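Build the 3D model from these lines:
(chains A and B)
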Amino acid sequence: MADKLESIIEGCKRGDKKSQERLYRRLSGQLFAICLRYADNYEEARDYLQEGFINVFNSIKQYEGKGSFEGWMKKIIINTVLQGIRKKRFMIPLVHDYQDNYEFHLPHMPTDLSESDLLGMIQELPRNYRIVFNLYAIEGYKHNEISQMLNITENTSKSHLFRARTKLQEKVNHHYSKVKRVYKSSVF
Amino acid sequence: MSFSNQHIDDFFRNGLQDFQQSPPNEVWSAIVHALKVQKRKKRTMIFLRSAASMAVLIAIGGGIFMGLRFLSPESGGYGSLTTIPSEYAEEFTDYTLTQYSDENIAFHYFEEEDATVYGEVPPAEDKKKDEGKPEERGSFDHEKIARKQAYLYSDYSRDDIELIRTERFSPETNFIPAEKREEDKKISSGTNTSERLTLGFHITSSYSYRSLRGGLSGTPPGHYFNGFETGVGSVSPGLTVSYMITPSVEIHVGAQISQMGQSINYSNKDKIISTRDQKSNTLTIQSSTGAITKINPTVFFIGNSSLTGKSSAESRNTFQKVSASNFHPISGNIEQKFTYFQIPVTARVYLLDNNSSRLFLSGGMTANLLLGNNVVLQRVNERIPIGKTDNITDLSFGARISGGIEQSISNGFYISLEPVFNYFVTPINPEHNLSTYPYSFGLSTMVRYRF
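Numbers count the residues shown, from 1 in each chain, chains lettered A, B, ... in the order given. Take a look at the predicted model:
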């Protein structure tokens, strides 16, 4: 499998259209999921994926085989997304209102939250919270890195993360409270 | 149960770890299309750069070559050589003068069978006075003789010209340099008018932008717009008719379609000043060239976002009522373009001429008739019309300067490469507080035919 990906990459480096299409078919689902997490809507995610793949094909010669290729592509897609987001200049400085040791309470119930449900919850977050949560919680970037990537202060990044977590907890709680009601009504 | 910060992060990270979603089918088609466009643009840029480099190299090389050729002490310099140089005289001991008709006399010299040198003796008023004596005037390419190269005129070996006489010819004869003779021939009143006419087709790749002057107090100055407006590239076809008024000067009159304009960089949209009139549902965007207006727009600039609605009818009635979240944020660049029918009238002066290639400079004026005035939001695969620029004048004038090299490619056909600079000398929007003067740099390639 690894050899096959290598040959696809080599083909892409030569500008071979079939290799480009094979790469797209292979990784577009995974990368589109990332775009959906960051974008405001489906159309925007589609645009990010499109621009991201164009950037990948334009810069694939720079990939020297060091590290995971999927990771390299993911970085390019995220950079493309952030570039689009930076153009929107959405970040509004907020006061320092986060709490580092705040406990988030999630119900301990058998989870029935699907991937689509989780994605939907993230998509419903305000854009600035959503971006920071994605970068910090999902991609694993630090606040100082996020502050540089988004041209915001570290405190703003922390504040957005805190608010994102709060809102996500509310959404999860809300989801489970509905599940609980259904569960009780079905039992009694 | 309570979760720490880390747990809620893990909850979502783990939940979405393997999540995949197939994108819509049209994304791949759009990527393929965008890559093709990129490739085409890249090729065009490579071609233009190569052509420009070649034009410069040819111009420099040609200039050096021709300068050396005309100024070389060996050749005696252009126009100053009236006799065969003495160092060659010994070689030309056996000339034959041949008259093929009353009007044309040619001479040739046989040194060796494979080194025949021809020249032409023009009709001399006194040539019949002393028949049998050497001809006193003639034209000759001295340098070519010296190098034992080809002949200058070959027409006189034609079968349709009757051979009248052949006689010996002296090397001491005064010769008129071939180039001078050619000039005299062109200047003479007997030159056929149609020989001075040419018709050419040309194509020009250019980059256009604008310069700004003036501005009223209280309005954004020119440099404000320079922060987010940039030039655009275009390709313009055209036709040119030329008429040679002297051997070294031609008048050119052309007709071409060209595009001037600029791109408004969307990434700086926070600087873009846009307003909307609710009664007329008109969107107005300020640009250095003037106000861009669109009635019943489908694209809006609200806050720091640009948004597109689904239809103008929808936006008309819901402009104020519909919240921004009901529109789709989009990205792209605003392209403001003016299509002109240009009529350039220029004079071309030939500086160096070696019969097959010529260097020239050209200058003149252009009349610019406005054909199109469009502003679009340019996206990767989509062009959304967002109005037109107000008060752009229908007729404006410009200056044009160029220079280049022309090469004869076959009988009557010539090809030229010509870097061109166009500058509008009248503002294209007289009613705007800033005076806008578009200009363009380009490279023109022309193929023309001399009748």
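
Where does the stretch 51-200 of chain B get nearest to chain A, which residue?
For the stretch 51-200 of chain B, the residue positioned closest to chain A under C-beta to the nearest C-beta is B:A51, at a distance of 23.8 Å. The C-beta positions use only the backbone N, C-alpha and C, and glycine is treated the same way.

so is that residue in a helix, a strand, or just coil?
Assigned with DSSP: H, G, I helix; E, B strand; the rest coil, B:A51 falls in the helix class.

Near it, how many other residues are there?
B:A51 has 15 neighbours, counted by other C-beta atoms under 10 Å in any protein chain shown.

For the residue nearest to it when sequence neighbours are not counted, the count of nearby residues, please.
When the adjacent residues along the chain are set aside, B:A51 lies closest to B:L443, with 5.8 Å between them (C-beta to C-beta, 6 or more residues apart in numbering or on different chains). Neighbourhood size, B:L443 [other C-beta under 10 Å]: 21.

B:L443 and B:T204 touch, don't they?
Yes: counting by C-beta atoms under 8 Å, B:L443 sits close enough to B:T204 to count as a contact (6.9 Å).

Give the residues shared as contacts by the two.
Residues within reach of B:L443 and of B:T204 at once, by C-beta atoms under 8 Å, 6 or more residues apart in numbering or on different chains, are B:V420.

Strands along chain A, start to end?
With DSSP state E, the ranges of strands along chain A come out as A:104-105.

For the residue of the stretch 51-200 of chain B closest to chain A, give me its contacts.
B:417, B:443, B:445 are the contacts of B:A51 under C-beta under 8 Å, 6+ apart.

Partner strands of the helix or strand hosting the first one and their direction?
When secondary structure is defined using DSSP states H and E, the element that contains B:L417 is strand B:413-424. The pairing partners recorded for strand B:413-424 under DSSP bridges are strand B:395-410 (antiparallel), strand B:434-450 (antiparallel).

got the contact list for B:V447?
With the criterion set at C-beta under 8 Å, 6+ apart, B:V447 makes contact with B:200-202, B:409, B:413-415.

Which members of those are classed as buried?
Under a neighbour-count criterion of 16 or more other C-beta atoms under 10 Å in any protein chain shown, the subset of those counted as buried comprises B:200, B:202, B:414-415.

which pair in those spans the largest distance?
Within the buried ones among the contacts of B:V447, two members stand farthest from each other by C-beta to C-beta: B:H202 and B:Y414, at 11.5 Å.

So which of the contacts of B:A51 is the closest to A:M149?
Using C-beta to C-beta, the shortest approach to A:M149 within the contacts of B:A51 belongs to B:L443, at 41.2 Å.

low-scoring stretches of the chain, by residue?
Just so you know, I chose chain A. Applying pLDDT under 70 to chain A picks out residues A:1-3, A:86-112, A:179-188.

Correction: the question concerned chain B.
Low-confidence segments of chain B, defined by pLDDT under 70: B:1-6, B:52, B:55-56, B:58-195, B:215-222, B:266-281, B:298-331, B:355.

can you pull out the helices in it?
Per DSSP state H, chain B has helices spanning B:5-16, B:26-71, B:86-89, B:142-146, B:178-187, B:222-226, B:312-318. These are given in chain order.

Equivalent analysis for chain A, please.
Shown for chain A, the helices assigned by DSSP H span residues A:2-13, A:17-38, A:42-59, A:69-88, A:115-124, A:127-133, A:143-150, A:154-187.

Go through those helices and name the closest to B:L434.
Ranking the helices of chain A by proximity to B:L434 (C-beta to C-beta) places helix A:69-88 first, at 26.3 Å.

Show me how chain A divides into domains.
For chain A, automatic domain parsing gives the domain ranges A:5-87, A:115-187.

Reformat those as JSON lines; add distance to chain B.
As requested, the domains of chain A are exported to JSON lines (distance: least, C-beta to the nearest C-beta, whole Å):
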{"stretch": "domain A:5-87", "distance to chain B": "4"}
{"stretch": "domain A:115-187", "distance to chain B": "4"}
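
Next, format those domains as JSON lines and append mean neighbour count.
Rendered in JSON lines, the data for the domains of chain A read as follows (neighbours: other C-beta atoms under 10 Å in any protein chain shown):
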{"stretch": "domain A:5-87", "mean neighbour count": "18"}
{"stretch": "domain A:115-187", "mean neighbour count": "18"}
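
Could I get those in CSV, plus columns for distance to B:S242?
Formatted as CSV, these follow (distance: least, C-beta to C-beta, whole Å):
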stretch, distance to B:S242
domain A:5-87, 44
domain A:115-187, 57
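
Among those domains, which comes closest to B:S287?
Using C-beta to C-beta, the domains of chain A put domain A:5-87 closest to B:S287, at 19.0 Å.

Quickly compare the strands paired with strand B:413-424 and say which is most buried.
Mean neighbour counts were compared across the strands paired with strand B:413-424 using mean count of other C-beta atoms under 10 Å in any protein chain shown; the top stretch is strand B:434-450, at a mean of 20.

for the nearest residue to B:I343 once chain neighbours are set aside, what are its contacts?
Here the nearest residue to B:I343 in space, its sequence neighbours aside, is B:A367; by C-beta to C-beta, 6+ apart that works out to 4.6 Å. Contacts here follow C-beta under 8 Å, 6+ apart; on that basis B:A367 touches B:342-343, B:345, B:395, B:397.

Could you do A:Q148 as well?
Shown in contact with A:Q148 (C-beta under 8 Å, 6+ apart): no residues.

before we move on, the earlier item: so which of the strands paired with strand B:413-424 comes closest to B:G15?
Nearest of the strands paired with strand B:413-424 (C-beta to C-beta): strand B:434-450, 55.8 Å.

ok, and the closest non-adjacent residue to B:G233?
Using C-beta to C-beta, 6+ apart and skipping the chain neighbours, the partner closest in space to B:G233 is B:Y207 (5.1 Å).

What count of nearby residues applies to the one you found?
By the measure other C-beta under 10 Å, the count of residues near B:Y207 is 15.
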